[in-house]
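Asker: need a 3D model of the sequence below.
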Amino acid sequence: MRHMKEAGAGVTGAGATSAGVTSADSTGPDVTSPGVTSPGVTSPDVTGSGTTGPGVTSSAPGEGETASAGLARRLAAFRGAERLLTGNAALETVRERLDRLAAEAPAVYDLDSRPDFYGDEDSIVGELERRTADALGTEAAAFFPSGTMAQQVALRCWAGRTGNATVAGHPLSHLEMHERDAYAVVSGLRMVHPTDAPRLPTAAEVSGLAEPFGALALELPLRDAGFVLPSWDELTAVVAAARERDAVVHFDGARLWECGPHFGRTLPEIAALADSVYVSFYKTLGGISGAALAGSEDFVEEARTWQHRYGGRQFQQWPAALAALTGLDRELPRLPEYVAQAEVVARALGEGLAGAGVPWFRVHPEVPHTHQFQVWLPHPPALLDEAVVRQAEEAGTALFQRWFEPAPGGPPGVALTEVTVAASALGWTADEVRAAVREFVEFVGRVGG
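Answerer: Residues are numbered from 1 along each chain as shown. As a prediction, the model looks like this:
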C-alpha cells in the first residue's frame with residue numbers, strides 16, 4: 001500500500017531476456033515480469049494525430065548540432081520520408097493543417113452557421129458536446145480547452161459532493177506525471193495510491209486502502225505503464241470495490257476512445273461504469289486541442305461553473321470544436337482497425353529485432369491493449385534518435401518517433417519509444433515492418449560505431 005504522492009513507480013532493474021520479447025498478460029493485471037518493470041516516462045505528455053509522447057516536438061541533436069538545428073533536421077527528414085510507420089501532426093505546416101480542416105469540415109458541420117460565443121449551446125460547441133455525450137452514452141458533456149482543466153474540475157466537483165478531498169489514483173497516472181501537481185496546488189486535493197505496480201489497481205488493493213477516499217481516478221489506458229488496461233472483469237470489480245468504499249469513480253479517458261476492442265464492449269458500456277469521464281479530442285482523434293467532461297446533467301452543469309472559475313469559458317473555440325467533430329467522424333470509426341493492425345506491427349517489430357540479433361529488447365505489451373505500445377532497446381536515446389533520422393534521410397523510412405529515458409530510478413542504459421498505429425501504418429505488412437526494423441538496427445550499428 002502506498003500513501004500520498006511518491007516519485008517513480010516500483011522500478012527494479014533491466015534483467016535481460018534472450019533476444020526476444022518479454023511476456024505481458026494482454027489483460028494487463030501484471031506487467032512487471034519477467035525481469036523488467038515498465039516505469040513511467042519523464043517526458044511531457046505531448047501528443048498529436050497518430051503519435052504520443054514527445055514525438056518530434058523536441059530532439060536530441062547530433063554531434064555539433066544545436067537543439068533548433070536538430071529539430072529542423074528531424075522535421076525535414078520525416079517530411080521527406082517516403083513511408084512513416086507512426087505519423088505526427090507536428091509534421092504539418094499551419095497552412096497544411098488549415099487546408100485539411102477546410103476540406104474535412106463541410107462534411108461534419110454547416111459552415112454557414114454563426115460561430116460560438118462563450119460555448120453557447122446553440123453553436124458548434126454545443127453540437128460537439130451533444131455528439132460527445134451521444135458517443136459516450138452520457139446525459140451531458142461539456143467542452144474544455146484542456147484535459148488538465150477537465151480533470152481538475154471533475155475532482156474538485158466530487159470533493160465538494162462527497163465531502164472528502166482525498167483521491168485514490170496511480171503514481172504513473174497523468175494526474176501525477178503530467179499536470180504539475182495541479183490537483184494539490186490548485187484544487188487542494190491529496191492523492192493516495194492503492195498500488196505502485198505498473199498496472200491499474202486491483203479490487204483488493206482499492207478495498208484495502210487504510211483511509212477513506214472520496215473518488216477513485218482510473219486512467220484508461222494507463223499510458224506511462226505502456227498503455228495497459230485491465231480485463232473487463234477486473235475493471236468492473238475495481239469499480240464495485242470503490243462503490244463499497246462509498247467513493248465515486250472518475251475515468252481519465254483521454255484515450256478511452258480506443259479501449260472498446262480490448263474490453264469487447266461499446267463506449268457507452270465502458271463509460272457507464274464511471275460517474276464522470278474525461279476524453280481528449282486531440283490525442284486519438286487528431287483534433288487541434290480540447291477535451292470533454294461527461295456525466296449526468298447536474299454534474300456537468302456544476303462542472304461548467306467551475307470551468308468558468310478556472311478560466312475555461314473562452315470567447316470562441318470553433319476551430320478546435322470543428323477539428324474535434326471531424327475526428328469523431330473520421331477517426332473514431334477506424335479505431336478497431338488501428339487496434340488490430342497494432343497487434344500485427346508489435347509482433348513484427350519483435351520478430352524483426354530478434355532476427356537482427358538484438359541481444360535485449362522489449363515490446364510492451366507484447367500484444368497491445370490498444371493501438372499504442374512501447375518498444376525498449378539497450379541504447380542511449382540520443383543514439384537511437386540519430387539512427388531514426390538517418391534511416392529517414394537515407395532510406396526514406398521513418399520507423400519510430402523520439403526515444404527517451406525511463407523515469408528516474410529506471411533501468412540504466414536503456415531507452416523507450418511509444419508506437420502509435422494509425423492511418424499511416426495501415427498499409428504496412430508484417431514483412432515490411434520486419435525488414436524496416438532490421439534496417440533500423442543496421443543504422444543503430446553505424447551510429448554507434
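Asker: can you list the buried residues in the least confident helix or strand in the chain by mean pLDDT?
Answerer: Taking mean pLDDT, DSSP states H and E as the measure, helix 67-80 is the helix or strand of the chain with the lowest mean score, a mean of 92. Neighbour-count burial for helix 67-80, counted by 16 or more other C-beta atoms under 10 Å, picks out Gly70, Leu71, Arg73, Arg74, Leu75, Ala77, Phe78. (C-beta placed from N, C-alpha, C; glycine too.)
Asker: Pro412: which of those residues is nearest?
Answerer: Gly70 (24.0 Å; C-beta to C-beta).
Asker: against Ala395, how distant is that closest one?
Answerer: Counting by C-beta to C-beta, to the nearest Å, the separation of Gly70 from Ala395 is 19 Å.
Asker: with Leu175 instead?
Answerer: Distance from Leu175 to Ala395, by C-beta to C-beta: 40 Å.
Asker: ok, the two, which is more surrounded?
Answerer: Set side by side, Leu175 and Ala395 show more neighbours around Leu175, with 26 against 17, by other C-beta atoms under 10 Å.
Asker: give me the mean pLDDT for the host helix or strand of the more buried one.
Answerer: Here Leu175, judged by DSSP states H and E, is contained in helix 174-177. Helix 174-177 shows a mean pLDDT of 96 in the predicted model.
Asker: any idea how far the least confident helix or strand of the chain is from the middle of the chain?
Answerer: 24 Å (C-alpha atoms, centre = their mean, to the nearest Å).
Asker: and that helix, what does it pack against?
Answerer: If contacts are counted by 3 or more C-beta pairs under 8 Å, 6 or more residues apart in numbering; DSSP states H and E, helix 67-80 sits against helix 381-390.
Asker: and Ala217, what element?
Answerer: Here Ala217 is assigned to strand 215-219, by DSSP H and E.
Asker: show residues contacting that strand.
Answerer: 151, 155, 158-159, 162, 164, 167-170, 173-175, 200-201, 206, 235, 238-239, 242, 247-252, 254, 274 (C-beta atoms under 8 Å, 6 or more residues apart in numbering).
Asker: from the residues you listed, which ones fall inside helices?
Answerer: Gln151, Leu155, Trp158, Ala159, Thr162, His174, Leu175, Val206, Leu235, Val238, Val239, Ala242 (DSSP state H).
Asker: next, find the distance separating the nearest residue to Gln391 once chain neighbours are set aside from Gly87.
Answerer: Excluding its sequence neighbours, the residue lying closest to Gln391 (C-beta to C-beta, 6 or more residues apart in numbering) is Phe443, at 4.8 Å. Going from Phe443 to Gly87 by C-beta to C-beta gives 20 Å.
Asker: which SSE is Thr379 in?
Answerer: Careful, residue 379 is His; it's not Thr. Going by DSSP H and E, His379 is not in any helix or strand.
Asker: quick check on it: phi, psi?
Answerer: His379 adopts backbone torsions of phi -140, psi 160, taken as degrees, to the nearest 10.
Asker: you'd agree it is up against Gly448?
Answerer: Yes - in this structure, His379 is within contact of Gly448 by C-beta atoms under 8 Å, at 7.0 Å.
Asker: which one of those two has more residues nearby?
Answerer: With neighbours defined as other C-beta under 10 Å, His379 and Gly448 compare such that His379 has more, 18 against 12.
Asker: who's in contact with the more buried one?
Answerer: Gly413, Val414, Ala415, Val444, Gly448.
Asker: returning to that earlier point: show me how far the helix holding Leu175 is from its chain's centre.
Answerer: With C-alpha atoms, centre = their mean, you get 12 Å for helix 174-177.
Asker: tell me which residues in that helix are buried?
Answerer: For helix 174-177, using 16+ other C-beta under 10 Å, the buried residues are His174, Leu175, Glu176, Met177.
Asker: and these as a markdown table, adding distance to Pro368?
Answerer: Shown next, in a markdown table, are the buried residues of helix 174-177 (distance: C-beta to C-beta, whole Å):
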| residue | distance to Pro368 |
| --- | --- |
| His174 | 19 |
| Leu175 | 23 |
| Glu176 | 23 |
| Met177 | 20 |
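Asker: give me the next element, helix or strand, following the least confident helix or strand of the chain.
Answerer: According to DSSP H and E, the helix or strand after helix 67-80 is strand 83-84.
Asker: direction included, what does that next one pair up with?
Answerer: strand 397-398 (parallel) (DSSP bridges).
Asker: and the partner strand, average pLDDT?
Answerer: 97.
Asker: got the angle for the helix or strand following that strand vs helix 381-390?
Answerer: Elements were assigned by DSSP H and E; along the chain past strand 397-398, the next helix or strand is strand 415-420. Counting by axes from the mean of the first three to the mean of the last three C-alpha atoms, to 10 degrees, strand 415-420 lies at 40 degrees to helix 381-390.
Asker: all strands for the stretch 1-150 of the chain, in order.
Answerer: Ranges of strands within the stretch 1-150 of the chain are 83-84, 140-144, based on DSSP state E, counting those that start in this stretch.
Asker: what does the shortest one rub up against?
Answerer: The reference is to strand 83-84. Phe78, Gly396, Thr397, Ala398, Ser424, Trp428, Ala436.
Asker: reformat those residues as TSV; add distance to Glu219.
Answerer: Converted to TSV, the contacts of strand 83-84 look like this (distance: C-beta to C-beta, whole Å):
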residue	distance to Glu219
Phe78	29
Gly396	37
Thr397	33
Ala398	29
Ser424	26
Trp428	29
Ala436	31
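Asker: out of these, the closest to Asp329 would be?
Answerer: Comparing the contacts of strand 83-84 against Asp329 with C-beta to C-beta places Ser424 closest, at 19.0 Å.
Asker: low-scoring stretches of the chain, by residue?
Answerer: Counting by pLDDT under 70, the chain has low-confidence residues at 1-64, 408-409.
Asker: what's the single longest helix in it?
Answerer: helix 335-355.
Asker: ok so, going back, closest to Pro365 out of the buried residues of helix 67-80?
Answerer: Distances from Pro365 to the buried residues of helix 67-80, taken by C-beta to C-beta, are shortest for Phe78, at 26.3 Å.
Asker: for that closest one, give its distance to Gly396.
Answerer: Counting by C-beta to C-beta - Phe78 and Gly396 are separated by 11 Å.
Asker: Pro212 too?
Answerer: In terms of C-beta to C-beta, Pro212 sits 58 Å off from Gly396.
Asker: same question, Leu426
Answerer: Distance, Leu426 to Gly396, using C-beta to C-beta: 18 Å.
Asker: what's the angle from the least confident helix or strand of the chain to helix 381-390?
Answerer: Using the same axes, to 10 degrees: helix 67-80 against helix 381-390 is 40 degrees.
Asker: now the end-to-end length of stretch 83-90.
Answerer: Start-to-end span of stretch 83-90 (C-alpha to C-alpha, to the nearest Å) is 16 Å.
Asker: mind checking how far it is from the chain centre?
Answerer: 16 Å.
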